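Visitor: Sharing a model prediction with you, sequence too.
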Amino acid sequence: MVSDLIEPTLACWREEVVRQVFVSANAEAILKIPLCTRHVDDFWAWSGDPKGRFSVKSAYKLIHKMKMGREDWLDEAEEMSSGESKGWSSIWGLQVPSKLKIFTWRLARHSLPTSDVLHRRNMLPSHVCALCGAADNWRHSLIDCNYARCVWALSNEDMVQHMCMQRDDQAKRWIFLTSESLSQEEFTTMIVTLWAIWAARRKIIHEGIYRTPFSTNGFVTSYLADLKQIQKPVDRPPTTPRARPTRQPPPDDHVKINVDAAVPRAGGRGAVGAVCRDASGVFLGASAVIVNNIEDPEVLEVLATREALALADDLYEHKVFIASDCMAAVEAIKGGTAAAYGNNG
């Protein structure tokens, strides 16, 4: 019985029992479910929908989210175990537009639609390059194809030499190795050039528009100059500091309770607090509670609102305004959401 896992006098989970009965992952998930502090009848609620109502659409979204979460976890574990976090940081830390970072990420994931990838997915009858007829792959399209070679011949010789020294067939390892051997400026130039070559190939293959290697190299030079111009600091006139927002008091016959929540850096628990003042700002009372195993800020904000109601009862205040800085929690409470935070009464 679920009731055997709950300490009714304290309205909390019996943590030792939960951890004995369930495996670690399930125990952690159960302990993160907030419990109601008042006695209410049980009701059915579907956690995959904000209003607790089941639908096929919400079930599909939940399954897809779980699938993507597991894949991301496996990818992260693989990357961290092989010390690749620094390599990914070199990509996401580039001072270039997001579309170039996404291009580089797709290249590292071997998801660029080169002929070999499309052939493997049964989307092309052959894996040969559409420009020169050689066997195609990411390295051929961006480095070894005749068109790419002509573009690289117009680039910085030292950069190209360092780039070509890395002969790894795995695009991800190749990118990470070149990021270590090249300076930040050279690595940025290389990424922009790879992106420009890919864009030029797409124009030729799919639109029949041929851009000469000189034109592509000129585009790269101009694009890099624009990036440097954007990155230059701009002298701005000093701004006057914003005035701090003043407290908005409630009506004369009401009190106002401000609530907030916090999570420590170590995680594993959260804290909620509530402070009550009257219309003139006189302090009437406060409450603070440590909530074990729950570290979701939004859930904690809802629990802080519940604590505010308990504080109002303790102070015998019945005309109360509750102020929270979490719009998602406020909207959820206004909308009668039951499933997202458990039954918090």
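Guide: Alright, I've got the coordinates.
Visitor: and stretch 118-128, which residues are buried?
Guide: 124, 128 (16 or more other Cβ atoms under 10 Å). (Each C-beta comes from the backbone N, C-alpha and C, glycine too.)
Visitor: Span of stretch 153-170 from start to end?
Guide: Stretch 153-170 has an end-to-end distance of 23 Å (criterion: Cα to Cα, to the nearest Å).
Visitor: nearest spatial neighbour of residue 95, skipping sequence neighbours?
Guide: Excluding the flanking residues, the one nearest residue 95 by Cβ to Cβ, 6 or more residues apart in numbering is residue 231, at 5.8 Å.
Visitor: Look up how far residue 304 lies from that neighbour.
Guide: Residue 231 is 42 Å from residue 304, where distance means Cβ to Cβ, to the nearest Å.
Visitor: Neighbour count for these two, which is higher?
Guide: residue 304 (28 against 9; other Cβ atoms under 10 Å).
Visitor: you'd agree the residue nearest to residue 95 is up against residue 94?
Guide: No. Using Cβ atoms under 8 Å, residue 231 is not in contact with residue 94, being 11.4 Å away.
Visitor: Show me how the record splits this protein into domains.
Guide: By the assignment in automatic domain parsing, the chain contains the domains 1-31, 85-231, 255-334.
Visitor: I'd like to know which of the ones you listed is closest to residue 50.
Guide: Nearest to residue 50 among these is domain 255-334; the distance by Cβ to Cβ comes to 6.8 Å.
Visitor: Return the distance of that closest one from the chain's centre.
Guide: Put simply, domain 255-334 sits 27 Å off its chain's centre (Cα atoms, centre = their mean, to the nearest Å).
Visitor: Could you do stretch 188-197 as well?
Guide: 26 Å.
Visitor: can I get the CA coordinates of it in PDB?
Guide: Presented in PDB, the C-alpha positions along stretch 188-197 are these (Å, rounded to 0.1, in the frame of the first residue of the first chain):
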ATOM      1  CA  THR A 188      36.900  30.200 -36.500                       C
ATOM      2  CA  THR A 189      38.200  30.700 -40.000                       C
ATOM      3  CA  MET A 190      38.200  27.000 -40.700                       C
ATOM      4  CA  ILE A 191      34.600  26.600 -39.500                       C
ATOM      5  CA  VAL A 192      33.400  29.500 -41.600                       C
ATOM      6  CA  THR A 193      35.200  28.100 -44.600                       C
ATOM      7  CA  LEU A 194      33.700  24.600 -44.100                       C
ATOM      8  CA  TRP A 195      30.200  26.200 -43.900                       C
ATOM      9  CA  ALA A 196      30.800  28.300 -47.000                       C
ATOM     10  CA  ILE A 197      32.000  25.300 -49.000                       C
END
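Visitor: Quick check: mean pLDDT of it?
Guide: Average pLDDT, stretch 188-197: 95.
Visitor: how about the helices in the chain?
Guide: Assigned by DSSP state H, the chain shows helices spanning 15-21, 24-31, 56-81, 85-92, 98-108, 115-120, 138-139, 146-153, 157-165, 171-181, 184-202, 213-231, 297-314, 327-334.
Visitor: so which of these comes closest to residue 252?
Guide: helix 297-314 (17.1 Å).
Visitor: which secondary structure elements does that closest one contact?
Guide: strand 255-262, strand 269-278, strand 283-292, strand 320-323, helix 327-334 (3 or more Cβ pairs under 8 Å, 6 or more residues apart in numbering; DSSP states H and E).
Visitor: Point out where the stretch 151-300 of the chain drops to low pLDDT.
Guide: 232-236, 239-245 (pLDDT under 70).
Visitor: now do 90
Guide: Filtered on pLDDT under 90, the stretch 151-300 of the chain yields the residue ranges 156-170, 172-173, 176-182, 211, 228-253, 263-270, 280-281, 289-300.
Visitor: picking up where we left off before, mind putting the helices of the chain into TSV with distance to residue 257?
Guide: Rendered in TSV, the data for the helices of the chain read as follows (distance: least, Cβ to Cβ, whole Å):
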stretch	distance to residue 257
helix 15-21	30
helix 24-31	28
helix 56-81	34
helix 85-92	42
helix 98-108	42
helix 115-120	58
helix 138-139	59
helix 146-153	65
helix 157-165	62
helix 171-181	52
helix 184-202	51
helix 213-231	47
helix 297-314	4
helix 327-334	14
